[in-house]
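J.: A predicted structure for the sequence below; I have some questions about it.
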Amino acid sequence: MKKEITLYSDGSSLGNPGPGGYGGILEFRGKRKEYCGADAHTTNNRMELMGVIAGLRLLKEPCKVEVISDSSYVVKAINEWLEGWIKKSFKKVKNIDLWEAYIEAATQHEVRGTWVRGHNGHPENERCDELARDEAERIKASL
C-alpha cells in the first residue's frame, strides 16, 4: 500500500518576471520536511509549479500525494487540464519545460491537487508562502 503524503506548496515572484522563490512542506504521519529554492528570473506560476516538482522529487518511493496549493493554475492543471495538454502536445501551453518535469516527477505517484485560499490563515500555506518569499528576497539581494 502506498504511503499517503501531503505536499503543501507555494511560489512567489518579485516582479513577473523577476526574482522568485518557492517553498514547500512534505508531511507524512505527523513528520514534516520543509524545502525551498529560488530562481533569479522567473514568474509566479513557474515558482508555484517548481514548489510541487521539488517536493515530488524528494519522495523516495511511489506515494499517494495530495498537493495543497493556493495556485488554481497548478491545481486545475494537475486535476483537469494536463491530460488534454498532453494529447495536444502542449500546443499554446506556457511553461512546457516545467510541465514535462512535473510529469517526470509525478509519474510514479498518484497525485491529486487541492486548492486553498492564499493568505487566509492556513498554517502550512502561510509557512510555504514565508519560505517562498524569503527565497525570492534572498536571491534578489544576491543579484
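T.: Noted; the coordinates are in hand.

J.: span of stretch 75-93 from start to end?
T.: 15 Å (CA to CA, to the nearest Å).

J.: one more: stretch 88-102?
T.: 17 Å.

J.: go on, stretch 49-67?
T.: End-to-end for stretch 49-67, by CA to CA: 11 Å.

J.: and the helix or strand hosting residue 100, what's its mean pLDDT?
T.: Residue 100 belongs to helix 96-106 when assigned by DSSP states H and E. The average pLDDT within helix 96-106 is 97.

J.: now do stretch 73-86
T.: Mean pLDDT, computed over stretch 73-86, is 97.

J.: and what of stretch 109-122?
T.: Averaging pLDDT along stretch 109-122 gives 94.

J.: circling back: relative to helix 96-106, how tilted is the next helix or strand after the helix holding residue 100?
T.: Next helix or strand after helix 96-106 toward the C-terminus (DSSP H and E): strand 110-115. Relative orientation of strand 110-115 versus helix 96-106 (axes from the mean of the first three to the mean of the last three CA atoms, to 10 degrees): 120 degrees.

J.: which stretches in this structure count as helices?
T.: 44-58, 72-76, 82-87, 96-106, 123-142 (DSSP state H).

J.: next, count neighbours for residue 35.
T.: Neighbourhood size, residue 35 [other CB atoms under 10 Å]: 18. From N, CA and C alone the C-beta is placed, and that goes for glycine too.

J.: much appreciated, bye for now.
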